[in-house]
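Asker: I would like to see how this sequence folds:
(2 chains)
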Amino acid sequence: MGPLAPYEIISENTNFLLAFFIGIAFGWVLESSGFSSSRKLAGIFYGYDAVVLKVFFTGAITCMLGLLFMSLFGWIDLDLVYVNPTYLTSAIIGGVIMGAGFIMGGFCPGTSFCGAAIGKIDAMVFVVGLFIGVYGFAFTYGWWEKLYYANYLGEPKLSEALGMKDGLFGLLLIIVALGMFVVAEWAEKKFPREEY
Amino acid sequence: MSNSKTEERGRRYLNPYVGGVLLGLVLLAANFISGRGLGASGAVKSVVVTTIEAVDKDAINTMPFMADYAESHSGSPMKSWLVFEMLGVIVGGFLSGAIAGRLKLKVEHSPKITSRRRLVFALMGGVLFGFGSQLGRGCTSGSALSGMAVLSMGGFITMMAIFGTAFALAYFFRRNWI
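Answerer: A predicted model of the protein is given here:
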């Protein structure tokens, strides 16, 4: 019965070792999907390459379905799986700042490490920027502390907030994602770029 | 580059839907084994905390944001799940690139802009992403992707804020990309 680490079926050190192997798989999938290239990543915002949207949403849906089924079969206790807390204000403002960073820098943190790993100098510079940004936030934290904790809503699931069962919400999410995939395939044909 | 070469290169990447399913399985494994999702920016934070501590032990106490984090990681911020995971990401990314023949030291940029311009924007983007990830409690991996998979409301909100803003600003930065 999972999750293994919170149930202490595996030790803390085993958990760290497995984190390393999970990371290898994560980095492998990101790189082999083309996430080490900023020009592929930025393609979603101009329509010429929607790989980000396809991989990202397929990934989220696959995991979501896996968790729902494993919970249904009694293989995992979802109460012990970490659900990100919702601090409304900082989630939005932080997201907006990250979005600006995404379109300017062409990477997000995970993908920048992947790009740096295969020798992309722009990715290495982005990583340097990450360190400066994190340090900058810590250094000026006093200014943002109120904002950081504003509008705390607990750890709500979006399905609960909408008054839906997880399964129904999951189904709707899959339908929305399929719709976006259709648009993505259309956009790639409509705004093609041969070389990037 | 000729058409056929472009196609050839394109084939070396995974089909995006296959890549997505594999990504989902990795994320599922993380949740099943460790009871948590994937992440990236948290590892940067660990390194920043460690560096500040190493340079000046007292400095960390003047930064409540970092001091809280150091305390909650039993004295050693580097001994964290995300640090081990991100070390793996670097290894995994390198191996995939090596096998596909993509290892090359270069600045990737649109032919319409200089390397210098690309690097300046990469740095600015990194700074913003680093800052935003701390304010938003996680980046595209930890907050948006992992959050969405466990149906976290915050995950969906952060995802929409990140992609919505990037789409809204795309017009102003188009010269960098197209």
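Asker: Domain-wise, how is chain A divided?
Answerer: A:1-82+A:164-196, A:84-156 (automatic domain parsing).
Asker: I'd like these written out as JSON lines, with mean pLDDT, distance to chain B and mean neighbour count added.
Answerer: Where you see a C-beta, it was placed from the backbone N, CA and C, and this is true even at glycine. Putting the domains of chain A into JSON lines (pLDDT from 0 to 100; distance: least, CB to the nearest CB, whole Å; neighbours: other CB atoms under 10 Å in any protein chain shown) gives the following:
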{"stretch": "domain A:1-82+A:164-196", "mean pLDDT": "95", "distance to chain B": "2", "mean neighbour count": "19"}
{"stretch": "domain A:84-156", "mean pLDDT": "97", "distance to chain B": "2", "mean neighbour count": "23"}
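Asker: Minimum distance to B:Cys139: which of those domains has it?
Answerer: Of all those, it is domain A:84-156 that lies closest to B:Cys139, at 4.6 Å by CB to CB.
Asker: Centre of the chain to that closest one, how far?
Answerer: 12 Å (CA atoms, centre = their mean, to the nearest Å).
Asker: go on, stretch A:10-29?
Answerer: Distance, centroid of stretch A:10-29 to centroid of chain: 17 Å (CA atoms, centre = their mean).
Asker: before we move on, what about stretch B:32-50?
Answerer: For stretch B:32-50 - counting by CA atoms, centre = their mean - the centre lies 11 Å from the chain centre.
Asker: average pLDDT for that stretch?
Answerer: Per-residue pLDDT over stretch B:32-50 has a mean of 95.
Asker: Briefly note if it comes near chain A.
Answerer: Yes - on the criterion CB under 8 Å from any CB of the partner chain, stretch B:32-50 is in touch with chain A at B:32-41, B:44-45, B:47-48.
Asker: quick one: B:Leu38 is in a helix?
Answerer: No - read with DSSP: H, G, I helix; E, B strand; the rest coil, B:Leu38 is coil and lies in no helix.
Asker: show me what contacts it?
Answerer: B:Leu38 sits next to A:22, A:26, A:110, B:26-27, B:30, B:85, B:141-142, B:145-146 when contact means CB atoms under 8 Å, 6 or more residues apart in numbering or on different chains.
Asker: Please apply the same query to A:Phe56.
Answerer: Contacts of A:Phe56 by CB under 8 Å, 6+ apart are B:20, B:23, B:140, B:144-145.
Asker: try 7 Å
Answerer: A:Phe56 makes contact with B:Leu145, according to CB atoms under 7 Å, 6 or more residues apart in numbering or on different chains.
Asker: what secondary structure does the residue most central in space within chain A sit in?
Answerer: Centroid-nearest residue in chain A: A:Phe56, 7.1 Å away (criterion: CA atoms, centre = their mean). Secondary structure assignment for A:Phe56 (three-state DSSP): helix.
Asker: Secondary structure element for the residue nearest to B:Ser143 when sequence neighbours are not counted, which one?
Answerer: Setting aside the residues directly before and after it, B:Ser143 is nearest to B:Thr158 in space (CB to CB, 6 or more residues apart in numbering or on different chains), at 4.4 Å. Using DSSP states H and E, B:Thr158 falls within helix B:153-170.
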